[in-house]
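Asks: the following comprises the amino acid sequence and a computationally predicted model.
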Amino acid sequence: MANVTLTINGKEVTVPAGTTVLDAARGAGYFIPTFCHDPDIPGYGGCRMCVVEVKGARALVASCCAEATNGMVVETESQAVNEARRTILELILANHPPDCLTCDKNGDCRLQDYAYRYDVRSSSFEGERHDYPIDDSNPYIVRDPNKCILCGRCVRTCEQVEERQVINFAYRGFNTKVAPAMDTNLAESACVSCARCVMVCPVGALTYRNLAGKARTYEIRKEPVTCTFCEAGCQFDLNYKGDKVLGVTARETGTGRPLCLKGRLGLELLYSDEPVTPMLKKDDQFVEVSWAEALGMDAVLKKLEELKK
Amino acid sequence: MTNSIGEIADADFILTAGTNTFDAHPIIGIKIKQAVAKGATLAVIDPRLTDSAKLAQYHLQLKPGTDIALFNGLANVIIEEGLYNKEFVEARTEDFDAFKQTVAKYTPDYVSEITGVPAETIREVARGYAKAKNSTILYTMGITQHICGTHNVFSTTNLSMLCGHIGKESSGVNPLRGQNNVQGACDMGALPVVFPGYQPIGVEANREKFAKAWNVESVPDKPGLTVGEMVEAAGKSIKAMYILGENPVLSDPDANQVIHELESLDFLVVQDIFLTETAQLADVVLPAASFAEKDGTFSNTERRVQKVRKAIEPIGNSKPDWEIICLISTAMGYPMSYDSPANIMNEIGKLTPAYGGITHERLDVCSLQWPCPAPDHPGTKFLHATTFSRGKGKFQPVEHIPPDELPDAEYPMVLSTGRRRYHYHTGTMTQRTGALEVFYPNEYLEINCADAEKLGVCDGDKVRVISRRGQVELAAQLSERVTPGLVFTSFQYPDVPINKVTNAARDPISKIPEYKVCAVKVEKVS
Amino acid sequence: MVANVTLTIDGNQVTVPKGTTVLEAAEQAGIFIPTFCHDPELSKPGACRICVVEIPGARNLPASCVTEATEGMVVNTASPAVIEARKTNLELLLANHPEDCLTCNKNGDCRLQDYAYYYGVKQDAFKGEKHNYPIEDDNPFIVRDMNKCILCGKCIRMCEEVQGNNVINFAFRGFNSIVTPAMGAHYADTEISNCVFCGNCVSVCPVGALSEKAMIGKGRRWEIQKVTTTCPYCGVGCQFDLNVKDGKVIGVTSTNGDVNGRALCVKGRFGYGFIHHPDRLTTPLIKKDGEFVEATWDEAISLVAKKLNAAKDTYGPDAIGILSSARVTNEENYLMNKLARAVIGTNNIDHCARL
């Protein structure tokens, strides 16, 4: 493949043709903030946080969607760029609960990271704020739409698995929200609780219900573990606080790795010091079930029982 | 120090001499304040009204360079009034009679004449020091930086032995050392007459031991030169110098002469973290790593050996000093290599009895105060509990010796130099912190209002300080900290190289220059 | 020998020396009790009331930090009444605390945040007036944001009881209570404040009211690695933690040093900036025609070795002088002594102990 050479922050960088400016800059060791960019599903260009200054361009360019070209001259932290990023942050914060005090994502939140980095202490924009009810209908996942920054990563990652496609943007403008079909709650939707969406959420809009209030993100040590329930080989994290495993969370999805509730529950049972209570949806209602049923071992166990007899 | 820092807070009577403790050793200052809060008496011997002098019940504001007379005067009162510790003097000391004879003439009135300290104050302080349960003496460079510095020190130990205020908890003679590892540098044999652990080079058995351990035929027995002597001999008998982390151009007296002497060397190599005033004169400059970039140990003023831990990689292409020394040695034909500073410490322990039980592994658990001769030895909190290093404590009768250079008609004022709270030594580090030098950006000459008025100088006016050796210009600060006739500044500002002015006259024994007294005149710069 | 008392805390029998407080007894038994104003090194005002416990028979919920454990005492550290009292306490503090964790430098190392999270207390239970004090940042060392102060008074007691400078105290009453130097002066007005910028107040602040100025914006607490080491300045040998992020020293914070405890002075706490100063020497230099030229280590070392050997061979070992340093480690001084005596063969070795 042909290479192109561009200049980023005064440094010459050579990358294969077709590389985005974002990847070229990050590869050269430069920091560019992103909210909506997902390396597995690139090219969305929604949040504009990754804008850079390209000499000769009409406006600031979203680096995640701009292809690096020969002779391009890019500045990733110019005054205009930083001002744009600050304004984006201020606009987001204008409608974001000032809730870091007790938010479970405190310490692992892109919005917080970038607000700190760009020293955006509060929004200079005053205006209406959402007051959506928190969706805790699902026994595994809590949705707080008030904290959602509409990056759409959850929508796109859910979409990747053919039979899922549970959520999408609904409504327009200020009223835009991510919702299941008919704007129901998660419990009533076709959601299978795989938590792919939780894994990619950059803020506190999607969190694990069983981990709520258990530990701050910076108190948690993650150790990867591979699920062996099927051949997909999905990766999960054991979440340690001290020497206790608080719970199991989904890791990077990767292609062909769907992540599923059954796998996560199985690992919970195996590793967690206090495993979640398994619940499955029956007749549109989540009900507590036995571990055998949750893990789909019912039939096997029945057969074993029969053989024993 | 004969005692530990923590013990100061439990002393009943603290006598400080020539130490601006609150500025130069703030954490020891804390202990003094805590002792005072608990009811201890504080007596401060200092020509300047320092912050500790302000806190003190007694401020003995003596004329610079009259410490021996004052200490002899205190001893005179104590003997005269029968307050001395007869049991201790009898059992633990010798030459008391000679001492008694010497101090006999230092009556409070006579001493008052020499020092300017009221006779009654001398009596009260003498009684307080003698009668307290635990009296302790703290001193620093105000005692040592005189041509009679060693005798000054003798006069402090004489007083402590006289009252038996040594060799017990919270009671002793405690020099507060000015630099992070000045104790360790001495302990490790960076001195011209001793091997590590103060083992004299003059003793054949010592030389044999080290020669064998270092795998060389012999090590030299001829006493080496001190810093000042080396610099003075530069270009004459000394042809090449290797200077590691020192800045004599700013720190040594009579700086113009130092520069001239270092320039006349055939070869000068300087190893430092900055291109100091001294490094600028070098033929080769080697970039060293800072304390944050290497492992090792420092020994503090109370003989406590503590770990220094590497937090970051060496900056740029710099290297830790120990690695550089190994490279030079190897290139000179003596292969030297260690995996780590921990291994060097193991070698030190084998050759240095006081450090025999000290290893990095132990220091990772807790710090240790030497003497710590064995792996199971807990270290030593205070010295001389039952015996002195030489057996019996020897009284050293000493007489008052006036400073080398006294004010006269041409140079009518006394200049004394020292340190500031916000800066450190020659300022190489503290002038580059982004904080300290921002808060305390300029050096001043402290001058009494009466003198300033005579000279027509207002606060902030630029003045010139001139001695027989050189001159500097700096802003005047009208201050009650100094008495009329005395001016003070620090040596911590490259812009104010005050050592162009100071006197290189040295104590004949310790070779310490007389920074605390030289004659100057002060003029307003128009 | 001190007599012991045995009490029951949350159903566990605990035996402690007489005179021990309930808080200390609980800590000894590994039972968590939150505290704001309590500090083992300082006097005990029993002011913040977050450490309250339930003791059947007591008139109300006593503060465990100032209640002495007695024989047969029964203590509940987490009864519903205790939890409710603590929650209300937190709600009241939060009613007048900026909603600022987003960018607050103490985020991740803040007791108010820790306890709010632990007890699930949100910010908005009580509505009322909030302070809007100007932030004091007119000195290069310490930033004081009194809007974040919870009036625990630890800074006051640290300054008075440990540092001994009595710079600050409570002024005014009720809602207007504030910690301040005399006459409302700033720390920087040292003539009035008597502040020496030791920063020991900062080391005990449980919230974001007192911060090291140079650390603001340099890293979140959870990103910082702490390395305990010994101060490079005077001979006292204070220990502190170098705060490291991404291979850079971004600050100094207190540890529990053998000599100094948590106390440091202005140089130790705020004098680390030289480490990354652009003036640092980063490469060997060789002087050629009066100008320094950058060199490789090989060039520099072999030149040094050649010149020292030449001086030794021509004039004898005593023609070489070695100045070691009171600044470098014991190990390095030892090697300098070995270099002088074994390799060069001279006792011309000294350092600046005299200066």
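Replies: That came through fine. Not measured: the values here are computed from a predicted model.

Asks: tell me which residues form a beta bridge with residue B:195?
Replies: For residue B:195, the beta-bridge partners under DSSP bridges are residue B:199.

Asks: now do it, the pLDDT please.
Replies: Looking at residue B:195, its pLDDT stands at 95.

Asks: okay, stretch C:90-108 in CSV with CA atoms only?
Replies: The C-alpha trace of stretch C:90-108 is given here as CSV (Å, rounded to 0.1, in the frame of the first residue of the first chain):
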residue,chain,number,x,y,z
LEU,C,90,-23.1,15.0,55.0
GLU,C,91,-26.3,16.5,53.5
LEU,C,92,-25.7,19.7,55.5
LEU,C,93,-22.1,19.9,54.5
LEU,C,94,-23.0,19.4,50.9
ALA,C,95,-25.7,22.0,51.0
ASN,C,96,-22.9,24.5,51.0
HIS,C,97,-20.2,22.8,49.1
PRO,C,98,-19.4,23.5,45.4
GLU,C,99,-20.5,20.8,43.0
ASP,C,100,-17.0,20.7,41.6
CYS,C,101,-15.7,17.1,41.7
LEU,C,102,-15.6,17.3,37.9
THR,C,103,-12.4,19.3,38.0
CYS,C,104,-11.5,19.5,41.7
ASN,C,105,-7.9,18.4,42.3
LYS,C,106,-8.9,16.4,45.4
ASN,C,107,-11.3,14.2,43.5
GLY,C,108,-10.3,10.7,44.4
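
Asks: in that stretch, what's buried?
Replies: Neighbour counts using 16 or more other Cβ atoms under 10 Å in any protein chain shown place C:90-91, C:93-94, C:96-108 of stretch C:90-108 among the buried residues. Quick note: C-beta positions are derived from backbone N, CA and C, even for glycine.

Asks: which of the three states applies to the residue nearest to residue B:293 when sequence neighbours are not counted?
Replies: Distances taken as Cβ to Cβ, 6 or more residues apart in numbering or on different chains put residue B:314 closest to residue B:293, at 4.5 Å, once the chain neighbours are dropped. Counting by DSSP: H, G, I helix; E, B strand; the rest coil, the backbone at residue B:314 sits in coil.

Asks: what ranges of chain C fall below the confidence cut-off?
Replies: For chain C, the stretches flagged by pLDDT under 70 are C:1, C:353-355.

Asks: pairing partners for the host helix or strand of residue C:16, with directions?
Replies: Per DSSP states H and E, residue C:16 falls inside strand C:12-17. Looking at strand C:12-17 with DSSP bridges, its partner strands are strand C:4-9 (antiparallel).

Asks: need the residues that contact the strand it pairs with.
Replies: Strand C:4-9 is contacted from outside by C:13-18, C:20, C:22, C:25-26, C:29, C:31, C:69-75, C:77, using Cβ atoms under 8 Å, 6 or more residues apart in numbering or on different chains.

Asks: now, of those, which are buried?
Replies: Buried by 16+ other Cβ under 10 Å: C:14, C:16, C:20, C:22, C:25-26, C:29, C:31, C:69, C:73, C:75, C:77, out of these.

Asks: inside strands: which ones of the contacts of strand C:4-9?
Replies: Within these, residues falling in strands by DSSP state E are C:13-17, C:74-75.

Asks: quickly check those residues for the two that are furthest apart.
Replies: C:17 and C:74 (19.1 Å; Cβ to Cβ).

Asks: now residue A:219: phi and psi?
Replies: Here is the backbone geometry of residue A:219 (degrees, to the nearest 10): phi -90, psi -10.

Asks: run a quick neighbour tally on it.
Replies: 16 (other Cβ atoms under 10 Å in any protein chain shown).

Asks: look up how far chain B lies from it.
Replies: As judged by Cβ to the nearest Cβ, to the nearest Å, residue A:219 and chain B stand 23 Å apart.

Asks: quick check: closest non-adjacent residue to that residue.
Replies: Nearest in space to residue A:219, with sequence neighbours left out and distances taken as Cβ to Cβ, 6+ apart, is residue A:241 at 5.4 Å.

Asks: any idea what the one you found is bridged to?
Replies: Under DSSP bridges, the beta-bridge partners of residue A:241 are residue A:244.

Asks: next one: residue A:16
Replies: With DSSP bridges applied, residue A:16 shows beta-bridge pairing to residue A:3.

Asks: give me the element residue B:208 is part of.
Replies: Counting by DSSP H and E, residue B:208 is part of helix B:204-213.

Asks: next: residue B:89.
Replies: helix B:86-92.

Asks: what lies in contact with that helix?
Replies: B:96, B:161-164, B:167, B:387-388, B:392-393.

Asks: 10 Å instead, please
Replies: By Cβ atoms under 10 Å, 6 or more residues apart in numbering or on different chains, the surrounding residues in contact with helix B:86-92 are B:79, B:85, B:96, B:99-100, B:160-167, B:384, B:386-388, B:391-393, B:395.

Asks: please pick the buried ones from those.
Replies: Among the contacts of helix B:86-92, those classed as buried by neighbour count (16+ other Cβ under 10 Å) are B:79, B:85, B:96, B:99-100, B:160-167, B:384, B:388, B:393, B:395.

Asks: can you tell me which of these are in helices?
Replies: Using DSSP state H, the subset of the buried ones among the contacts of helix B:86-92 located in helices is B:79, B:96, B:99-100, B:160-163.

Asks: wait, which of those residues is closest to residue B:147?
Replies: Using Cβ to Cβ, those come closest to residue B:147 at residue B:99, 21.7 Å.

Asks: quick one: contacts for residue B:469?
Replies: B:253-257, B:405, B:499-504, B:518, B:520 are the contacts of residue B:469 under Cβ under 10 Å, 6+ apart.

Asks: residue A:56 now?
Replies: A:71-73.

Asks: buried among these? Make that a ChimeraX selection.
Replies: This is how ChimeraX selects the buried members of the contacts of residue A:56, with burial counted by 16+ other Cβ under 10 Å:
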select /A:72
